[in-house]
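J.: Structure for this input, please:
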Amino acid sequence: MTTQISNKCIQIESGEWLYKGCFIQESVHPRLVGKYEVFKNNKSQSHIGRCYTFTEAKKLCRENHQ
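T.: I've put the predicted structure just below:
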């Protein structure tokens, strides 16, 4: 896992991105609210939150950027 902090949103593979030291994953589930999960890009992949839009996910990344 990389620790490089990027100011650009980089798509890793389908439905997965790295942005501002965070990992955004598209995660559609009928029982969960929201479409995107946000995790810190660290060894434990600390969960930051879940949100409805990609824009909200990027905002969570910016707010949790070190």
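
J.: and stretch 7-20, which residues are buried?
T.: Counting neighbours by 16 or more other Cβ atoms under 10 Å, one finds that the buried residues in stretch 7-20 are W17, L18, Y19, K20. Every C-beta, even on glycine, is put in place using the N, C-alpha and C of the backbone.

J.: ah, wrong one, I meant stretch 22-38
T.: C22, F23, I24, Q25, G34, K35, Y36, E37, V38.

J.: Same question for stretch 43-55.
T.: Quick answer for stretch 43-55 (16+ other Cβ under 10 Å): I48, G49, R50, C51.

J.: what's the closest of the residues you listed to C61?
T.: I48 (7.7 Å; Cβ to Cβ).

J.: ok, now which ones touch the residue nearest to the closest one when sequence neighbours are not counted?
T.: In this structure, I48 finds its nearest non-sequential neighbour in V38, 4.3 Å apart by Cβ to Cβ, 6 or more residues apart in numbering. Each residue near V38 by Cβ atoms under 8 Å, 6 or more residues apart in numbering is listed here: 22-25, 47-51, 57, 60-61, 64.
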